[in-house]
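>>> Give me a 3D structure for the following:
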Amino acid sequence: MSDILRRDPRKEWIARNRLHPQHQSVLAELGGGARPTEWMGPNGVMRRDPRAVGFIGPNGVRRIDRSGAQQAAQAPAHSAAAKDTRQNVTIDAPAFIVAVVPDMAGGRLSAHDRDLLGLARQLADADPASPGAVLAVVFGEHKESAFGEAGIDRLLHLDGERFSGYLPELKVATLQSVERELGPRFWLLPDSALGGGELGRRLAARLGERPAAQVWQVEASNDSATGWRATARAGAGRHDVHRELPRVVLALAECADPISETRHAADPISLGQGLPDVLGRIEDLGEVAVDPASVSLAEAEFILSAGNGVKDWDGYHHAADVLGATKGASRVAVDDGYMPRDRQVGATGTWVSARVYVAIGISGAIQHLQGIQSCDKVVAVNLDEGCDMAKRADLTVIGDASAVLAALVARVEQYRAEQQENRDAA
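Residues are numbered from 1 along each chain as shown. Here you go, the predicted structure:
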């Protein structure tokens with residue numbers, strides 16, 4: 001038998017075509033039983049799987065598959081009922097503290113927050129002989145129940161009316177109290193427009209520190225006094241700046257891998273000296289009501305997107321108005337004239353990063369899936385349970401789009417009527 005390796009062009013084509021029915025089996029065959037992250041392309045060029053966890057992108061930024069599609073494809077059929085294998089970690093006497101102030105958009109840890117906590121764990125667990133503890137400082141009410149799974153050892157929750165709304169002066173004064181009482185070795189905040197960027201810069205000014213902003217990578221360094229070196233974006237993202245890691249760090253998304261293998265205690269703590277009494281110069285007058293139709297798709301947090309499966313367009317528009325959602329559409333719906341071109345979602349339209357994306361009657365073309373890859377939660381309503389949108393979605397409802405929307409609108413209107421009756425009775 002000849003020792004010459006024979007290439008199968010058809011299998012190589014299937015390996016590149018993610019939508020082919022035999023895609024997973026061919027990848028496993030080419031990878032020796034496991035899904036490979038690299039394989040030889042038809043022209044002799046090595047191809048990389050961009051959905052592999054921890055893939056380094058062309059700009060050196062770590063790209064992470066948050067959709068769960070890769071893990072779902074590799075997991076056995078009984079994985080949903082499998083026992084949780086996370087290791088429980090408790091740090092009773094930490095050598096130092098790494099403080100994190102997450103944005104908590106919508107009362108939950110965002111993907112950016114989880115990346116930041118992954119970076120905090122990287123700093124805290126560098127020396128196994130003397131590990132540190134990760135402290136999370138959370139302001140206002142929250143709906144999060146998985147602080148421990150995110151890598152938090154201590155939780156300082158500052159609740160109540162006093163911390164609701166836009167109160168940067170009070171929050172900075174509270175963080176100064178944490179600084180005096182606990183003396184964290186590092187302060188980590190998300191460099192975002194949701195409040196973390198401003199709060200981090202205010203805190204650095206109060207502490208007399210020169211913060212590192214736009215940080216996307218942190219590495220151990222023997223030449224640094226802190227033992228770490230940060231790489232940050234500069235020049236509108238065109239250049240990188242390398243410097244010693246300071247005490248106050250404002251990090252970008254994907255600065256580190258989120259925690260996935262351990263569960264930490266997330267023990268609640270309180271400030272021994274109480275909360276500071278600050279007379280703020282800023283008065284929060286509350287949120288301003290905004291018409292969802294006037295919000296651009298790129299900035300919308302809740303999108304109700306329609307596709308070819310929607311037949312009752314009057315019912316769809318009514319549902320969007322009742323739910324207070326920004327309207328989106330697939331390319332097919334736009335090409336058919338049901339929605340304007342500026343409402344098209346996808347690689348050929350607008351890339352969106354909504355917290356909740358509801359796809360009504362959208363099968364999930366590859367361009368559309370690319371455009372919603374940054375969304376936190378995806379809900380699909382479709383008659384085809386095997387479509388790619390159903391595989392991508394965190395929750396899938398199998399049924400007729402019009403009937404599901406009508407039932408949802410009826411339930412929301414009933415709930416609001418009951419709430420109004422309770423208020424009138426009170």
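
>>> Please enumerate the helices of this protein.
Residue ranges of the helices in the chain, as given by DSSP state H, are 9-16, 23-30, 69-74, 111-124, 168-182, 196-207, 313-323, 331-335, 366-371, 388-392, 401-425.

>>> Output the fourth one in PDB with nothing but the alpha carbons.
Once non-C-alpha atoms are left out, helix 111-124 reads as follows in PDB (Å, rounded to 0.1, in the frame of the first residue of the first chain):
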ATOM      1  CA  ALA A 111     -20.400  39.200  29.500                       C
ATOM      2  CA  HIS A 112     -18.100  42.100  30.000                       C
ATOM      3  CA  ASP A 113     -18.400  41.800  33.800                       C
ATOM      4  CA  ARG A 114     -17.600  38.000  33.600                       C
ATOM      5  CA  ASP A 115     -14.500  38.700  31.500                       C
ATOM      6  CA  LEU A 116     -13.400  41.200  34.200                       C
ATOM      7  CA  LEU A 117     -14.000  38.700  36.900                       C
ATOM      8  CA  GLY A 118     -11.900  36.200  35.000                       C
ATOM      9  CA  LEU A 119      -9.100  38.700  34.900                       C
ATOM     10  CA  ALA A 120      -9.500  39.200  38.700                       C
ATOM     11  CA  ARG A 121      -9.200  35.500  39.200                       C
ATOM     12  CA  GLN A 122      -6.100  35.500  37.100                       C
ATOM     13  CA  LEU A 123      -4.500  38.100  39.400                       C
ATOM     14  CA  ALA A 124      -5.800  36.500  42.600                       C
END
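
>>> re the thing from before, determine which stretch of the helices of the chain is the most buried.
Most buried of the helices of the chain, by mean neighbour count (mean count of other C-beta atoms under 10 Å): helix 111-124, with a mean of 24. In this view, the C-beta of every residue, glycine as well, is placed from N, C-alpha and C.

>>> gap between it and the chain center?
12 Å (C-alpha atoms, centre = their mean, to the nearest Å).

>>> tilt between that helix and helix 196-207?
For helix 111-124 against helix 196-207, the angle by axes from the mean of the first three to the mean of the last three C-alpha atoms, to 10 degrees is 40 degrees.

>>> on that earlier part again, residue 284: which of the helices of the chain is closest?
Proximity to residue 284 (C-beta to C-beta) singles out helix 168-182 among these, at 10.1 Å.

>>> In this protein, which strand is the longest?
Taking DSSP state E as the criterion, the chain has its longest strand at strand 212-220.

>>> mind listing what that strand pairs with, with the direction of each?
Here strand 212-220 has these sheet partners by DSSP bridges: strand 228-234 (antiparallel), strand 248-251 (parallel).

>>> export the ones you listed to a markdown table and tack on distance to residue 170?
As requested, the strands paired with strand 212-220 are exported to a markdown table (distance: least, C-beta to C-beta, whole Å):
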| stretch | distance to residue 170 |
| --- | --- |
| strand 228-234 | 29 |
| strand 248-251 | 19 |
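
>>> Of all these, which one comes closest to residue 331?
Taking C-beta to C-beta, strand 228-234 is the member of the strands paired with strand 212-220 nearest to residue 331, at 32.4 Å.

>>> How about residues contacting the closest one?
Identification of contacts with strand 228-234 by C-beta atoms under 8 Å, 6 or more residues apart in numbering yields 123, 212-221, 223, 239-246, 249, 252.

>>> Now do that strand: distance to the chain's middle.
A distance of 22 Å separates the centroid of the chain from that of strand 228-234, by C-alpha atoms, centre = their mean.

>>> and if you look at stretch 417-426?
On C-alpha atoms, centre = their mean, the centre of stretch 417-426 falls 36 Å from the chain's centre.

>>> where are the low-confidence patches of the stretch 251-400 of the chain?
Applying pLDDT under 70 to the stretch 251-400 of the chain flags the ranges 279-280.

>>> What's the PyMOL syntax to select whichever of the contacts of strand 228-234 are buried?
To isolate the buried ones among these in PyMOL, judged by 16 or more other C-beta atoms under 10 Å, type:
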select buried, resi 123+212+213+214+215+216+217+218+245+246+249+252
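
>>> about what we covered before: which stretch among the strands paired with strand 212-220 approaches residue 200 most closely?
strand 248-251 (4.5 Å).

>>> Now do that closest one: everything it contacts.
For strand 248-251, contacts defined as C-beta under 8 Å, 6+ apart pick out 115-116, 119, 186-191, 196-197, 200-201, 203-204, 207, 209, 211-216, 218, 230.

>>> Repeat the analysis, applying 7 Å as the threshold.
116, 119, 186-191, 197, 200, 203-204, 207, 209, 211-215, 230 (C-beta atoms under 7 Å, 6 or more residues apart in numbering).

>>> Next: stretch 254-268.
So stretch 254-268 is contacted by 54, 61-64, 86-90, 114-119, 121-122, 147-155, 157, 215-217 (C-beta under 7 Å, 6+ apart).

>>> How far off centre is that stretch?
Centre-to-centre, stretch 254-268 and its host chain are 14 Å apart (C-alpha atoms, centre = their mean).

>>> Please apply the same query to stretch 219-238.
For stretch 219-238, the separation from the chain centroid amounts to 24 Å (computed by C-alpha atoms, centre = their mean).

>>> average pLDDT for it?
Taken as a whole, stretch 219-238 has an average pLDDT of 85.

>>> Let me know the pLDDT of residue 54.
Confidence at residue 54, expressed as pLDDT, is 55.

>>> Domain ranges for the protein, per the record?
What automatic domain parsing lists as the domains of the chain is 9-75, 89-268, 292-421.

>>> Which one, of those domains, ends up nearest to residue 276?
Per C-beta to C-beta, nearest to residue 276 of the domains of the chain: domain 89-268, 4.4 Å.

>>> nearest to residue 278, of the helices of the chain?
helix 168-182 (4.6 Å).

>>> nearest spatial neighbour of residue 154, skipping sequence neighbours?
Leaving aside its sequence neighbours, residue 154 sits nearest to residue 135 (C-beta to C-beta, 6 or more residues apart in numbering; 4.4 Å).
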